[in-house]
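Chemist: sequence first, predicted model second:
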Amino acid sequence: MAFSAFATGTAKEQAPRRKSKIALLLLLPGILYLMLFFLVPLVSLVITSFQQPVPYGDIGEFQNAFKWENYVDVVNTYGEHIFRSFAYAILATIFALLFSYPLAYFIGVKARRWPLLQNLMLVLVIAPFFISFLLRTLAWKAILSDESFVVTGLKALSLMAPDAHFTGTPAAVIFGLTYNFIPFMTLPLYSTLERLDTRLLEAGSDLYAKPAMTFFKVTVPLSMSGIVSGVLLTFIPAAGDYINASRDFLGGTGTQMIGNVIESNFLVTLNYPAAAALSIILMAVILVMVTVYVKRSGTEDLL
Amino acid sequence: MASGTFAESGADLELVGIKKRFPGFTAIEHLDLTIPAGSFFALLGPSGCGKTTTLRLVAGLEDPTEGSILIGGKDVTKLKPFQRQVNTVFQSYALFPHMTVLDNVAFGLRRRRIEDPVAKAHEALVLVELDHLAARKPQQLSGGQQQRVALARAIVNRPALLLLDEPLGALDLKLRRQMQLELKSIQEEVGLTFVHVTHDQEEAMTMADTVAVMNKGEIEQLGAPQDLYELPRTAFVANFLGQSNLFTGHVASTTSTSITVDVEGAKITVPTKRAQRHTGEVTVGIRPEKLHLHKDEPKTAAGTNSIGPGRIIDVSFSGVSTQYTVAVPGLDNLTVFQQNTTFGPIAHEGAEVWATWEVDHGFGLQDDPGAAPRFPADTDTATIAVQKRRALKSELEES
Amino acid sequence: MTLQEGLAVSEAVTARKPASRRGARLGFGNWLLPLYAIISFVFLLIPIAYTFAFSFNDSVKSNIVWRGFTFDKWLNVCDQIDVCVAFGNSLIIGISATIVATILGTMIAIALVRYRFPFRSGISLLLFLPMATPEVVLGAGLAAEFLGAGVQKGLGTIIIAHIMFCVSFVVVTVKARVSTLDPALEEAGRDLYGSPNQVFWRITFPLLLPGIIAAALLSFALSFDDFIITNFNAGTTNTFPKYIYISAARGIPAEANVIASAVFLLAIILVLISQISSAMKRKRLAAAGG
């Protein structure tokens, strides 16, 4: 008798998942859609990135080739932008994490006894989502402009040099990126902290850990999955963003990020291969960084 | 199935050569079972023994790998669950949270287009004494009330067969006792065939007419509760239904009515008709409450088995009775229950005692003690600790 | 939320909290955190308040300097016809993309939780990647595909793009709901004589509905506010965010603030109503069940 077969689980745990043709019918339309409008575009980006101009053709006319020099060219031309994008994104992610953690901790742990208050505070966190991304960035531009009372006030208090600007500087771009992606950081942090068992903190202090020790040895490790997903949700869009860095928004000529050059190459100068090569580089760097980060922080089951 | 009609009465259920495999394991190896119409039948066993799978096969929620299922003589193996005149009371009750209690109960009637579903649903709710809560949502009811709604939702369809999947598992002890009695009386009132799956031996014994003890995908023994208890045929049944003291030895002598087994020098006699095996190495047993303790060596008397002397190593008081654990040289520890007919224990820890019991109360098992134990008994932590210690000791001695 | 309300809330928080030893010793959790939370919320809401305030500005062309209070822009939004056209386009795109993405995503979510099928991990990856890809790459990729295929960019291409990036979010949202659904409920439906069709529409669907609605709202919000992907695939078609991007250089008319504020208020009111009604429902259930 095959009794050894009983070693794994009971019938109840295994039963629900069935094999069926229905699964195929359910999956097919959506998967085909994603293949056609997500995978094929990625492939056509790769193809475009190797294209070369049509001899004697118009601007924006390219033919298929294997011109790998495109990659060398864009790195030489836009290396600064690529580096700047990741530097800004990393700083914005760190600032967003520092800003969000105490807030998420307050909402998720301290305010636990008042579910309605908790929910209202969450609404406040996501409230910026409900107003246009571009308008909120423009609002900051106006609030932090040279004529605004914030800047004039700081100058009056001699906290800022009289001829200094805020908008158009790297600091303004990083500020804008931080602000715009705070909700992406706060929400995943909240959802792991909300599930944190406070008895573990009590156990920590019971076992002679000082509050700071308990925080770094118990609370932070337990909220790691939230930190990881918050960091990813902030870093990825921040690295590819080009609104904040745009001259009409918070940036200036010296703050252009990779998104800005992709946009101008694709939509203005019609240099499609350069835009495509830059996109592939951006995507590749992000995937490598994300993989390394997820591996190192030990939450591989995140996907 | 003719829709729009009720089953006339409970139907009998026949399982023929059932086998069920899931990817990676076999839940039921080979199962033949007949449940007579109108009976209250319990499938009893530890978790993972295949009892719930059996129930799901009958309901049509799983398809058997082999074998056939007959309800009232009709083969339903290929029918889908909604085509079978079988209803289930689920372990989690599975009440539809988006419907009122009344709509829950009327759901099956409406699907079968039975006339006047609302009135019939109310009738069923009256039967379980919950008609006043008909307009509530299931989440607004207590556990016991939800359980009764689940029952009403099933019996309102007058199924030929009602399946109960550990329906009382989520309730506390007191409510459970009450519901056990209610279920029993409802079954007697409506006269349906009930198949009840449980791991609670007391529940099975108090409610069912017939109990089948399942283990590892097979039925170990089937019978009336009292017969199963007084005359278990396997070590698994002897230990799963209550407790037993088991002794293994060679048959030393045989008379026309009894066999006597030599267990490390102790002679234990069992009536022939209560023993499954009569020669060679056999295991015999006695229930703890059938034993009597004596502080002085008892006189040997015909019709009585006697073991001793042993030493009491543990006394634990549990109200009605006191449990003594007696270490007897050469034998496993004996467990003895003594009714507390007087104040205080009859013997204290460390006392030297003898145990006796009537020959007629013993039983002999059919397991072959020579073979490796088919099913390792569920070991408690104390035993595991002792085993660990022994292993460690022998290891130390070796080195 | 105003500062006063915030203070009141924080008072409620601190007043009812028994002073824990840990909190008392450090003084951290008792007043510093609530204070920090209030400042954070104020910070988060500053640009919203600014946008809202300037929707009442009696501006002429650009809307940067405060020139006096007026309701005019609220009453005559479509005086700036471009804003209204762009807003209308955004609505059409949002609604179409939401409907298609919700249907496709819900089907995938059900399949993922309920069935076994080959290439499971490949499909999970295909669903995860669009969320992990920067929007510029998604936008540029689609635009490259349309360019290669010679497709004229316009409303249609925007809708196609929006469906693409919404599907994964729908899958994630609905999947969470499907996996909390007790399979025994559907089994009970089949056991109680429900045909597969009846079981789906009378039990599965109503129980998934909250998740599906949440996914649809999320899709609409994502679509409505998307600029980067839209910009690559819009051609000459204007959407509300694209309109703002184009006008940013020469100044945004107050009418744009009016539309953004109105959408904001509507969204906040919807969220608050749902929060409060679910809180009341919880209370009612607790009262009745106890």
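Modeler: Received the coordinates, thanks.
Chemist: switch to C-alpha atoms for all contacts and neighbour counts from now on
Modeler: Fine.
Chemist: quick one, what contacts B:Gly67?
Modeler: Applying Cα atoms under 8 Å, 6 or more residues apart in numbering or on different chains, we find B:Gly67 in contact with B:Leu15, B:Val16, B:Gly17, B:Ile18, B:Lys19.
Chemist: let me know the pLDDT of A:Asn76.
Modeler: At A:Asn76, the model reports a pLDDT of 94.
Chemist: same thing with the one 10 residues further on?
Modeler: Per-residue confidence for A:Phe86 comes out at a pLDDT of 95.
Chemist: nearest spatial neighbour of it, skipping sequence neighbours?
Modeler: A:Ala239 (5.7 Å; Cα to Cα, 6 or more residues apart in numbering or on different chains).
Chemist: now do that neighbour against chain B, distance only.
Modeler: Per Cα to the nearest Cα, to the nearest Å, A:Ala239 is found 44 Å from chain B.
Chemist: does that residue sit in a helix, a strand or a coil?
Modeler: Secondary structure state of A:Ala239, per DSSP: H, G, I helix; E, B strand; the rest coil, is helix.
Chemist: go ahead and confirm it touches C:Glu135.
Modeler: No: here A:Ala239 lies out of contact with C:Glu135, judged by Cα atoms under 8 Å, at a distance of 9.8 Å.
Chemist: ok, longest strand in chain B?
Modeler: strand B:304-317 (DSSP state E).
Chemist: give me the helices and strands touching that one, please.
Modeler: In terms of contacts (3 or more Cα pairs under 8 Å, 6 or more residues apart in numbering or on different chains; DSSP states H and E), strand B:304-317 is packed against strand B:266-271, strand B:321-327, strand B:352-358.
Chemist: in the stretch 201-303 of chain A, where is pLDDT below threshold?
Modeler: Within the stretch 201-303 of chain A, the segments meeting pLDDT under 70 span A:298-303.
Chemist: all helices of it, in order?
Modeler: In the stretch 201-303 of chain A, helices defined by DSSP state H, counting those that start in this stretch lie at A:211-214, A:220-222, A:224-240, A:258-263, A:272-297, listed in chain order.
Chemist: residues in chain B within reach of chain C, list them.
Modeler: Residues of chain B that fall close to chain C, judged by Cα under 8 Å from any Cα of the partner chain: B:59, B:61, B:81-84, B:86-88, B:90, B:92, B:94-96, B:98, B:107-108, B:111-112, B:139-142, B:154.
Chemist: for chain A, what's its nearest residue on chain B.
Modeler: Closest residue of chain B to chain A, Cα to the nearest Cα: B:Phe25 (4.5 Å).
Chemist: burial of that residue, as a residue count?
Modeler: 19 (other Cα atoms under 10 Å in any protein chain shown).
Chemist: okay, it and C:Leu266: tell me how far apart.
Modeler: Between B:Phe25 and C:Leu266 the computed distance is 55 Å (Cα to Cα, to the nearest Å).
Chemist: now do A:Ser279
Modeler: Separation of A:Ser279 from C:Leu266 (Cα to Cα): 37 Å.
Chemist: same check on B:Gln140?
Modeler: B:Gln140 is 33 Å from C:Leu266, by Cα to Cα.
Chemist: quick one, which of these two is more surrounded?
Modeler: Neighbours were counted for B:Gln140 and for C:Leu266 using other Cα under 10 Å; B:Gln140 has more, 20 against 13.
Chemist: from what I can see that one touches C:Lys283, true?
Modeler: No: using Cα under 8 Å as the test, B:Gln140 is too far from C:Lys283 to be in contact (11.0 Å).
Chemist: next, count neighbours for residue 169.
Modeler: In the absence of a named chain, this looks at chain A. Around A:Thr169 there are 18 residues (other Cα under 10 Å).
Chemist: meant chain C actually
Modeler: By other Cα under 10 Å, 23 other residues sit near C:Phe169.
Chemist: tell me the SS of it?
Modeler: C:Phe169 falls in the helix class when you classify it by three-state DSSP.
Chemist: please apply the same query to B:Thr283.
Modeler: B:Thr283 ends up strand, using three-state DSSP.
Chemist: do you know the pLDDT at it?
Modeler: For B:Thr283, the predicted pLDDT is 91.
Chemist: quick check: closest non-adjacent residue to it.
Modeler: Among residues not flanking B:Thr283 along the chain, B:Thr248 sits closest, at 4.2 Å (Cα to Cα, 6+ apart).
Chemist: contacting residues for the one you found?
Modeler: By Cα under 8 Å, 6+ apart, B:Thr248 lies in contact with B:Val261, B:Val263, B:Glu281, B:Val282, B:Thr283, B:Val284, B:Pro369.
Chemist: for the fourth one, list each beta-bridge partner.
Modeler: When bridges are taken as DSSP bridges, the partners of B:Val282 come out as B:Gly249.
Chemist: contact partners of stretch A:152-168?
Modeler: Contact with stretch A:152-168 is made by A:141, A:144-146, A:151, A:172-173, A:247, A:250-255, as judged by Cα under 8 Å, 6+ apart.
Chemist: rerun at 7 Å
Modeler: By Cα atoms under 7 Å, 6 or more residues apart in numbering or on different chains, the residues outside stretch A:152-168 that reach it are A:Lys141, A:Leu144, A:Ser145, A:Asp146, A:Ala172, A:Arg247, A:Leu250, A:Gly251, A:Gly252.
Chemist: most surrounded residue in those?
Modeler: Going by other Cα under 10 Å, A:Leu250 tops the contacts of stretch A:152-168 with 30 neighbours.
Chemist: wait, that residue sits on A:Ala142?
Modeler: No: contact between A:Leu250 and A:Ala142 fails when scored by Cα atoms under 7 Å: they sit 9.5 Å apart.
Chemist: picking that back up, and the residue nearest to A:Phe86, what does it touch?
Modeler: A:Ala239 neighbours (Cα under 7 Å, 6+ apart): A:Ser85, A:Phe86, A:Ala89.
Chemist: now do the helix or strand where the last one lies: which elements does it pack against?
Modeler: It refers to A:Ala89. Using DSSP states H and E, A:Ala89 falls within helix A:69-105. Counting contacts by 3 or more Cα pairs under 7 Å, 6 or more residues apart in numbering or on different chains; DSSP states H and E, helix A:69-105 is packed against helix A:170-194, helix A:224-240, helix A:258-263, helix A:272-297.
Chemist: helix or strand right after it?
Modeler: As assigned by DSSP H and E, the chain's next helix or strand after helix A:69-105 is helix A:115-126.
Chemist: ok so, going back, quick one: the longest strand of chain B to strand B:321-327, angle?
Modeler: 110 degrees (axes from the mean of the first three to the mean of the last three Cα atoms, to 10 degrees).
Chemist: and strand B:304-317, which strands flank it?
Modeler: Paired strands of strand B:304-317, with direction, are strand B:321-327 (antiparallel), strand B:352-358 (antiparallel) (DSSP bridges).
Chemist: compute the inter-axis angle for it and strand B:266-271.
Modeler: Going by the same axes, to 10 degrees, strand B:304-317 makes 100 degrees with strand B:266-271.
Chemist: what about strand B:304-317, average pLDDT?
Modeler: Strand B:304-317 shows an average pLDDT of 89 in the prediction.
Chemist: so who does the residue in chain C positioned nearest to chain B touch?
Modeler: Taking Cα to the nearest Cα, chain B has its nearest neighbour within chain C at C:Tyr193, 3.8 Å off. Applying Cα under 7 Å, 6+ apart, one finds that C:Tyr193 lies in contact with B:Phe82, B:Gln83, B:Gly108, B:Arg111, B:Arg112.
Chemist: neighbouring contacts of stretch B:22-40?
Modeler: Contact with stretch B:22-40 is made by A:5-6, A:8, A:11, B:10-21, B:50, B:191-195, B:208-210, B:217-218, as judged by Cα under 7 Å, 6+ apart.
Chemist: next: stretch C:167-187.
Modeler: A:16, B:94-96, C:101-102, C:104-106, C:108-110, C:113, C:127-128, C:131, C:199, C:203-204, C:208, C:211-212, C:215.
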